[in-house]
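*Asks:* 3D model of this:
(2 chains)
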Amino acid sequence: MKTVVKIDTETATATPEFEKAALRQESRRGLFLALPAYLYLIFFFVISLFIVFIYSFATRNRFGGTDLSGWNLDSYARISEPIVRDVLFRSVWLAFLTTVICLVIAYPFAYFLSTRRVAVRNIMLVFVMIPFWTNFLVRNFAWRVILGNDGPLTNATEFVGLGSAELLFTQTAVVLGLVYGYLPFMILPLYAAIERIDRRLLEASRDLYGTGLQSFRHVLFPLSMPGVIAGSILVFVPSLGAYVTPEILGGAKTTLLGSYIVTQFLTARNWPFGAALSFVLMLVMLVTTIVYFRKGGRTL
Amino acid sequence: MSTSVEPRGWAKAALHANGWFVYMFFYAPIVLLVIYSFSNSRNVGTWGGFTLDWYSDFFDSSNARGALSNSVKIAIFSTIISVALGTMAALSLERFTFRGKKVFDALLYLPIIIPDVTMAVMMLLFFGEFFDVLDALFGLGLRKGFWSISISHIAFNISFVSVVVRARLAGMDTDLEEAAIDLYASRWKAFRYVTFPQIVPGIAGGALLAMTLSLDDVVITQFVSGPGWTTLPVYVFGLIRKGVTPLINAVSVTMLVVSMLLVVLSIVAQRVRRNG
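*Replies:* Residues are numbered from 1 along each chain as shown, chains lettered A, B, ... in the order given. Sure thing, here's the model as predicted:
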């Protein structure tokens, strides 16, 4: 325990009671420090999540308002409607695709990073961190410019003679934007996990005549599992709830769960249904995270 | 002598190629965006000679300037509050034990992993229910706008600040703090003269990060902003949805430069030597 306890009277003898009192005082001080943030989070995350939960059982009235009465499960029942199911399946599928593509690109990159000298590695990491924290909207907009009519990509493909590449407003564009946005979320936990692995284990597997592929399959990959899972959660969950990317790069046929929820609130004005969908999204996130921590992962 | 695990031959080449590909992928779109923002053409992705017109349009537009100043005000205010609360939270978690600590620790992760859209919905409904109540109770005259946006930004920023400050505190020796207390410093004095100077880089890093996140947020802000009172990213997002114009290139590049600058400063601040 890191707790620093100081008994501040010279006459005091170290009796168990005295120690207990000192610990209690420390505990009060800790709680006092935590309290403002604690209350803030309880207000805005626990209570407001509860409000969302309540709303999901409410009824939408004829004027697009919400009546907090006549509690029912209609909003959850709507999830099985074909239109909604399509949106859900598409979201899960595109989020899954995004996760797999990120994993395939990020794994070798993270491994490569871990084999560099420390000085080089730190510089390389900084250059991964920069896009990680740069304006997400702007980074998606950049792809809109690149993929757009008469944009650099179309010009390039026409120049090579492939005809114009019409990617904008397709699912491909959305996945591209999501991979671009969330790739750092995959690289960083993967790197953290791979860097921690004892190199000598890999050497041992090679010494015992394992091929490169075998030592990857039986040593490197299993040991890096916490990173793989953490990265996958960090990419999958926000992809599922993506709103900005499909809105900028996607079209009418690429509505994802995130944009669908926003529509319920800002245009369709069906708040109970929107609340039910956000609650489902929240549950997906909580379940994946809890499963991850139960499995002993620590690199989130 | 054990077998080298350094990749050789094609594997080495593939790893290097993938490395270059990743950096190209990250930075090429950004570079292209910057280039096109100086292009004298009505079409966003076409080069039509050099011009600064789009930037001057941006600074001439009163809507854009208003949104920019709103963004800055909110970023500064929400950063100050979240730095204070986040640092206190970090101290309590790293240096004390208290009842409910585990729950608090878990709760602090929630804002980081929660999807933007869900948080936006939570804030929308929260303000829908509580703004009137608060108004009636305290007569604050709250309107959706500055306060609702700032309060939401603080809600997610506390966690990011506390994570950064905690990392700094965790990597620090407690020996000096203990020595100060052994020498009859009060807890406050030990903090003020021993702990605080050492965690300043962490606090600065956290503050810059919070400011970046506040300046970048679109989804949550869009849900809680009032009519006619919005931030720059929400304004730009609205413009993009109406149709892409070169003006957006210029605004985007400005936002890009600001957020990159803040991130680089944040990284530099956090890397200041531990005992420096």
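
*Asks:* per-domain residue ranges of chain A.
*Replies:* Residue ranges for the domains of chain A, per automatic domain parsing: A:1-41, A:78-294.

*Asks:* Helices along the stretch 51-200 of chain A, start to end?
*Replies:* A:74-77, A:82-114, A:118-133, A:136-147, A:152-160, A:171-196, A:199-207 (DSSP state H, counting those that start in this stretch).

*Asks:* Buried deepest among those, which one?
*Replies:* Among the helices of the stretch 51-200 of chain A, ranked by average contacts under mean count of other C-beta atoms under 10 Å in any protein chain shown, first place goes to helix A:136-147 (a mean of 25). To be clear about C-beta, it is placed using only N, CA and C from the backbone, and glycine gets the same treatment.

*Asks:* starting at the chain centroid, how far to that helix?
*Replies:* The chain centre lies 20 Å from the centre of helix A:136-147; the measure is C-alpha atoms, centre = their mean, to the nearest Å.

*Asks:* would you turn the helices of the stretch 51-200 of chain A into CSV with distance to B:S62 and mean pLDDT?
*Replies:* Formatted as CSV, the helices of the stretch 51-200 of chain A follow (distance: least, C-beta to C-beta, whole Å; pLDDT from 0 to 100):
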stretch, distance to B:S62, mean pLDDT
helix A:74-77, 42, 89
helix A:82-114, 39, 94
helix A:118-133, 30, 88
helix A:136-147, 22, 91
helix A:152-160, 32, 77
helix A:171-196, 31, 92
helix A:199-207, 60, 84
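
*Asks:* Distance to B:Y55 added to these, as CSV?
*Replies:* Formatted as CSV, the helices of the stretch 51-200 of chain A follow (distance: least, C-beta to C-beta, whole Å):
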stretch, distance to B:Y55
helix A:74-77, 47
helix A:82-114, 34
helix A:118-133, 23
helix A:136-147, 15
helix A:152-160, 21
helix A:171-196, 25
helix A:199-207, 50
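
*Asks:* Make a markdown table from those helices and add distance to chain B to it.
*Replies:* Formatted as a markdown table, the helices of the stretch 51-200 of chain A follow (distance: least, C-beta to the nearest C-beta, whole Å):
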| stretch | distance to chain B |
| --- | --- |
| helix A:74-77 | 13 |
| helix A:82-114 | 4 |
| helix A:118-133 | 4 |
| helix A:136-147 | 4 |
| helix A:152-160 | 6 |
| helix A:171-196 | 7 |
| helix A:199-207 | 4 |
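
*Asks:* Quick check: which of these is nearest to B:P227?
*Replies:* helix A:136-147 (21.0 Å; C-beta to C-beta).

*Asks:* residues near B:A179, how many?
*Replies:* 13 (other C-beta atoms under 10 Å in any protein chain shown).

*Asks:* er, B:V31 I mean
*Replies:* 11.

*Asks:* does it count as helix, strand or coil?
*Replies:* Assigned by DSSP: H, G, I helix; E, B strand; the rest coil, the conformation of B:V31 is helix.

*Asks:* List, one by one, the residues from the stretch 151-276 of chain B near chain A.
*Replies:* B:151-152, B:154-155, B:158, B:162, B:174, B:177-178, B:181-182, B:184, B:187, B:209, B:212, B:215-216, B:218-219, B:223, B:233, B:236-237, B:240-241, B:244, B:248-249, B:252-253, B:255-256, B:259-260, B:262-264, B:266-267 (C-beta under 8 Å from any C-beta of the partner chain).

*Asks:* Any of those residues buried? List them.
*Replies:* Buried by 16 or more other C-beta atoms under 10 Å in any protein chain shown: B:151-152, B:154-155, B:158, B:162, B:174, B:177-178, B:181, B:187, B:209, B:212, B:215-216, B:218-219, B:223, B:233, B:236-237, B:240, B:244, B:248-249, B:252-253, B:255-256, B:259-260, B:262-263, B:266-267, out of those.

*Asks:* In the stretch 51-200 of chain B, what residue lies closest to chain A?
*Replies:* Going by C-beta to the nearest C-beta, chain A is nearest to B:F96 of the stretch 51-200 of chain B, at 2.7 Å.

*Asks:* which residues touch the nearest residue to A:I101 once chain neighbours are set aside?
*Replies:* Spatial nearest neighbour of A:I101, excluding adjacent residues (C-beta to C-beta, 6 or more residues apart in numbering or on different chains): A:V179 at 5.1 Å. Each residue near A:V179 by C-beta atoms under 8 Å, 6 or more residues apart in numbering or on different chains is listed here: A:T98, A:I101, A:C102, A:I105.

*Asks:* Reformat the residues you listed into CSV and put distance to A:I197 next to each item.
*Replies:* Converted to CSV, the contacts of A:V179 look like this (distance: C-beta to C-beta, whole Å):
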residue, distance to A:I197
A:T98, 26
A:I101, 24
A:C102, 20
A:I105, 20
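
*Asks:* Just flag the most distant two among those.
*Replies:* Farthest pair in the contacts of A:V179 (C-beta to C-beta) is A:T98 and A:I105. Separation: 10.9 Å.

*Asks:* What count of nearby residues applies to B:Y55?
*Replies:* Residues lying near B:Y55 (other C-beta under 10 Å) number 17.

*Asks:* quick one: secondary structure of the residue of chain A found nearest chain B?
*Replies:* Closest residue of chain A to chain B, C-beta to the nearest C-beta: A:G30 (2.7 Å). Secondary structure assignment for A:G30 (three-state DSSP): helix.

*Asks:* That one contacts B:G100, doesn't it?
*Replies:* No: taking contacts as C-beta atoms under 8 Å, A:G30 lies outside contact range of B:G100: 9.8 Å.

*Asks:* How about the residue of chain A closest to chain B, nearest residue that isn't a chain neighbour?
*Replies:* B:F96 is the one closest to A:G30 (C-beta to C-beta, 6+ apart), at 2.7 Å.

*Asks:* Could you do B:T212 as well?
*Replies:* B:L262 (4.5 Å).

*Asks:* With A:G64 instead?
*Replies:* Leaving out its chain neighbours, the residue that sits closest to A:G64 by C-beta to C-beta, 6+ apart is A:R269, at 3.4 Å.

*Asks:* Surely the one you found forms part of a strand?
*Replies:* No: read with three-state DSSP, A:R269 is coil and lies in no strand.
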